[in-house]
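>>> build me a model from this:
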Amino acid sequence: MSKIRSHRDLIVWQKAMQLAVQIYRLTERFPPSEMYCLTSQITRAAVSVPANIAEGYARSASRDYARFLAIAKGSLMETETFLLLSVELGYLSDDQASQALGLVSEIDKMLTVLRSKIVASS
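I've put the predicted structure just below:
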């Protein structure tokens, strides 16, 4: 097992970055009228996930790290909601959204486990 030297070594951060990239690519399909609405909201939420994981990792206190992981999870659930809404509005098909939704589920589990380990060790 390799040593974690930075947030970039965390698999959950790497997966969150993959999700953010996928969201950007998916939103290219959205109508121009959504640029300042749903497109903006979903991309901001998706980018917030790895950003909060990184910021939490950089904090010296476990309590702060756990709080930022909770914020990342909240942003992840926002991303999921916006993805589901995008399908309901017909901007994405179920197939187009399925890979991103699978990543959301995977990241959700990883954040839950990581946060519980951080809380238990403090």
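
>>> CA only for contacts and neighbour counts going forward, please
Will do.

>>> any idea which element the residue nearest the centre of the chain lies in?
By CA atoms, centre = their mean, the mean C-alpha position of the chain lies nearest to residue 49, the distance being 3.7 Å. Assigned by DSSP states H and E, residue 49 belongs to helix 38-58.

>>> same question for residue 22.
helix 11-27.

>>> what angle sits between that helix and helix 38-58?
With axes from the mean of the first three to the mean of the last three CA atoms, to 10 degrees applied, the angle from helix 11-27 to helix 38-58 works out at 170 degrees.

>>> got any ranges where the chain has weak pLDDT?
Along the chain, the model assigns pLDDT under 70 to residues 1-2.

>>> could you report the neighbour count for residue 47?
21 (other CA atoms under 10 Å).

>>> any figure for the gap between the closest residue to it other than its chain neighbours and residue 45?
Among residues not flanking residue 47 along the chain, residue 20 sits closest, at 5.5 Å (CA to CA, 6 or more residues apart in numbering). Distance of residue 20 to residue 45, given as CA to CA, to the nearest Å: 9 Å.

>>> quick one on the thing from earlier: OK, contacts around the residue nearest to residue 47?
Residues in contact with residue 20 (CA atoms under 8 Å, 6 or more residues apart in numbering) are 43, 46, 47.

>>> residue 78 touches residue 43, doesn't it?
No: using CA atoms under 8 Å, residue 78 is not in contact with residue 43; the gap is 10.2 Å.

>>> quick one, which of these two is more surrounded?
Neighbour count, other CA under 10 Å: between residue 78 and residue 43, residue 43 has more, with 21 against 18.

>>> distance of the more buried one relative to residue 88?
With the distance defined as CA to CA, residue 43 ends up 18 Å from residue 88.

>>> repeat that for residue 32.
Counting by CA to CA - residue 32 and residue 88 are separated by 18 Å.

>>> kindly report the same for residue 122.
Separation of residue 122 from residue 88 (CA to CA): 42 Å.

>>> many thanks, have a good one.
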